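Participant: only geometry, no sequence info:
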């Protein structure tokens with residue numbers, strides 16, 4: 001099941017910049033970010049929707065359904081990637097997500113709503129590791145972290161769009177309209193991706209489609225991936241990242257992704273409700289979501305630029321530390337302006353840090369291992385994304401004070417910081433040694 005890149009996208013015109021790939025993946029990831037924030041933005045409305053009579057614990061559990069789907073979808077993408085290619089995964093994920101979001105808007109009861117959220121997450125789960133791998137694969141080596149952060153800022157842009165839509169539409173209009181907007185990918189990015197998105201070079205080389213791979217590499221001014229060893233099967237790339245000393249690093253990346261995704265989904269899901277408990281109106285509490293995601297966009301781009309220069313490890317450790325400090329400070333009763341600043345810093349420390357973790361994984365492993373490593377770190381890390389909303393719901397429905405949200409989330413940020421700090425450099429050294437055997441191809445003269 002190979003969805004081939006149209007001939008017109010590989011044969012016509014001169015050399016293309018990797019900026020076109022970054023732009024396509026950026027727009028694609030916008031919808032993943034929208035899905036993240038739309039649920040958190042509608043939590044207050046769901047809690048007050050009388051026909052369903054949901055409790056805080058039930059809302060937290062429903063919030064985890066989409067994340068269970070994403071966990072399974074991400075793991076499936078690691079298995080499917082060498083079989084059907086990146087294009088099929090991206091297109092299938094977008095179509096599935098869009099259809100399920102549209103159906104969620106007309107769900108008759110919370111049980112059907114939760115099922116549709118799960119199915120939408122299943123389709124969307126493989127999207128993130130695949131577009132990260134494509135972005136890094138088609139980027140100049142000196143800009144891989146920055147291009148990844150630039151592309152992944154679409155995640156926060158989607159969150160900003162969801163927050164703005166909620167501010168404009170809620171609570172006057174039913175929360176259902178927020179899910180109906182999820183139909184937009186069918187008429188926007190799906191046609192563009194079908195026409196313009198190229199296939200993964202590593203997939204083409206692995207399928208012995210070397211002529212098409214070389215044509216695309218020349219088109220975008222990038223190097224061909226190092227061919228996988230002849231003994232590597234279609235499932236071997238997953239096994240390879242779990243062998244030798246690198247399996248410890250892979251485990252640490254999973255722990256870091258677990259913590260990062262717990263922060264991303266826990267904070268985005270419950271931040272509006274937490275701020276309402278602190279005395280803010282619905283409009284004011286939704287504004288914190290907007291600030292959180294704007295802070296993630298700006299902070300992640302600056303941090304990724306530093307990571308390209310200084311290395312991923314020290315910058316990612318620093319970002320996790322900023323998350324600890326910012327989240328703890330929010331529990332001290334800051335005035336509004338100071339709270340807004342700390343929420344912006346928390347945007348870097350949560351969404352921005354997870355972007356850095358993803359970029360670190362993508363550059364730590366080789367071309368042939370990248371998608372599988374990302375699928376494992378993001379797939380298994382989704383357990384944290386599942387736990388985040390449930391944990392927030394449990395705290396909200398317990399006798400604990402609102403400040404315990406900040407204590408718990410800060411503790412997980414500290415654990416993520418420790419995990420990244422313990423990642424060995426040996427795996428990266430092995431990767432660089434293997435790439436020395438690559439026959440050099442002309443590199444892009446103008447970065448994206």
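Facilitator: Cool, the structure landed. Predicted model, so just to flag it, every value in this text is computed and none were measured.

Participant: residues in contact with the most centrally placed residue in the chain?
Facilitator: Nearest residue to the geometric centre of the chain (C-alpha atoms, centre = their mean): residue 128, 5.0 Å. Residues in contact with residue 128 (C-beta atoms under 8 Å, 6 or more residues apart in numbering) are 29, 32, 74, 358, 374, 378. For glycine as for every other residue, the C-beta is placed from the backbone atoms N, C-alpha and C.

Participant: and if we set it to 6 Å?
Facilitator: Counting by C-beta atoms under 6 Å, 6 or more residues apart in numbering, residue 128 makes contact with residue 378.

Participant: repeat for residue 134
Facilitator: Shown in contact with residue 134 (C-beta under 6 Å, 6+ apart): residue 86.

Participant: What segments of the stretch 251-400 of the chain are helices?
Facilitator: Ranges of helices in the stretch 251-400 of the chain, per DSSP state H, counting those that start in this stretch, are 282-310, 312-330, 336-347, 353-364, 370-397.

Participant: just the ones you listed: most buried one?
Facilitator: Most buried of those, by mean neighbour count (mean count of other C-beta atoms under 10 Å): helix 353-364, with a mean of 28.

Participant: Need the contact partners of it.
Facilitator: Residues outside helix 353-364 that contact it (C-beta under 6 Å, 6+ apart) are 132, 136, 144-145, 148-149, 152, 253, 256-257, 260, 264, 300, 303, 312, 316, 319-320, 323, 370, 373-374, 377, 427-428.

Participant: thinking again about what came up before, let's have the helices of the stretch 251-400 of the chain in CSV, adding mean pLDDT and distance to residue 423.
Facilitator: Shown next, in CSV, are the helices of the stretch 251-400 of the chain (pLDDT from 0 to 100; distance: least, C-beta to C-beta, whole Å):
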stretch, mean pLDDT, distance to residue 423
helix 282-310, 85, 14
helix 312-330, 93, 6
helix 336-347, 88, 23
helix 353-364, 92, 8
helix 370-397, 84, 11
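
Participant: how about those helices in JSON lines, adding distance to residue 245?
Facilitator: Shown next, in JSON lines, are the helices of the stretch 251-400 of the chain (distance: least, C-beta to C-beta, whole Å):
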{"stretch": "helix 282-310", "distance to residue 245": "23"}
{"stretch": "helix 312-330", "distance to residue 245": "16"}
{"stretch": "helix 336-347", "distance to residue 245": "34"}
{"stretch": "helix 353-364", "distance to residue 245": "12"}
{"stretch": "helix 370-397", "distance to residue 245": "14"}
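
Participant: Between those, which one is closest to residue 109.
Facilitator: Judged by C-beta to C-beta, the one of these that comes nearest to residue 109 is helix 370-397, at 19.2 Å.

Participant: so what does the closest one touch, helix or strand wise?
Facilitator: If contacts are counted by 3 or more C-beta pairs under 6 Å, 6 or more residues apart in numbering; DSSP states H and E, helix 370-397 sits against helix 56-84, helix 127-137, helix 246-277, helix 353-364.

Participant: Nearest to residue 95, out of those helices?
Facilitator: helix 127-137 (11.0 Å).

Participant: Report the mean per-residue pLDDT for the closest one.
Facilitator: What helix 127-137 shows for mean pLDDT is 91.

Participant: what about the helix or strand following that helix, distance to the chain center?
Facilitator: The helix or strand immediately downstream of helix 127-137 is helix 144-169, counting by DSSP states H and E. Distance of helix 144-169 from the chain centroid (C-alpha atoms, centre = their mean, to the nearest Å) equals 11 Å.

Participant: Which strands or helices does helix 144-169 pack on?
Facilitator: With contacts taken as 3+ C-beta pairs under 6 Å, 6+ apart, helix 144-169 sits against helix 19-47, helix 127-137, helix 282-310, helix 353-364.

Participant: what angle do that helix and helix 127-137 make?
Facilitator: Orientation check (axes from the mean of the first three to the mean of the last three C-alpha atoms, to 10 degrees): helix 144-169 against helix 127-137 gives 140 degrees.

Participant: Which among the helices and strands packed on helix 144-169 is found nearest to residue 347?
Facilitator: helix 282-310 (2.9 Å).

Participant: For residue 92, find the nearest of the helices of the stretch 251-400 of the chain.
Facilitator: With C-beta to C-beta as the yardstick, what comes closest out of the helices of the stretch 251-400 of the chain is helix 370-397 (15.0 Å).

Participant: Compute the inter-axis angle for the following helix or strand past the closest one and helix 336-347.
Facilitator: Counting by DSSP H and E, the element after helix 370-397 in chain order, helix or strand, is helix 403-421. Angle, helix 403-421 to helix 336-347, by the same axes, to 10 degrees: 30 degrees.

Participant: Looking at the helices and strands packed on helix 370-397, spot the one closest to residue 296.
Facilitator: helix 353-364 (7.8 Å).

Participant: what's the angle from that closest one to helix 312-330?
Facilitator: If you take the same axes, to 10 degrees, helix 353-364 sits at 170 degrees to helix 312-330.

Participant: wouldn't residue 100 be in contact with residue 116 here?
Facilitator: Yes: with contact defined as C-beta atoms under 6 Å, residue 100 and residue 116 form a contacting pair (5.1 Å).

Participant: From residue 268, how far off is the nearest residue to residue 103 once chain neighbours are set aside?
Facilitator: Nearest-residue entry for residue 103: residue 116, 5.1 Å, with adjacent residues in sequence omitted and distances by C-beta to C-beta, 6 or more residues apart in numbering. Using C-beta to C-beta, to the nearest Å, residue 116 is found at 20 Å from residue 268.

Participant: which one of these two has more residues nearby?
Facilitator: Legend: neighbour count by other C-beta atoms under 10 Å for residue 116 and residue 268, higher for residue 268 (30 against 23).

Participant: got the contact list for the more buried one?
Facilitator: Residues near residue 268 by C-beta under 6 Å, 6+ apart: 36-37, 40.

Participant: what ranges of the stretch 1-150 of the chain fall below the confidence cut-off?
Facilitator: 1-15 (pLDDT under 70).

Participant: Which residues does the host helix or strand of residue 113 contact?
Facilitator: Assigned by DSSP H and E, residue 113 belongs to helix 110-125. Contact with helix 110-125 is made by 32, 52, 62, 65-66, 69-70, 72-74, 93, 96-97, 100-101, 103-104, 107, as judged by C-beta under 6 Å, 6+ apart.

Participant: which one of the contacts of residue 268 is nearest residue 352?
Facilitator: Using C-beta to C-beta, residue 36 is the member of those that lies nearest residue 352, at 13.8 Å.

Participant: Run through the residues that contact the residue nearest to residue 412 when sequence neighbours are not counted.
Facilitator: Once flanking residues are discounted, residue 412 sits nearest to residue 259: 4.6 Å by C-beta to C-beta, 6+ apart. Applying C-beta under 6 Å, 6+ apart to residue 259 gives the contacts 412, 415-416.
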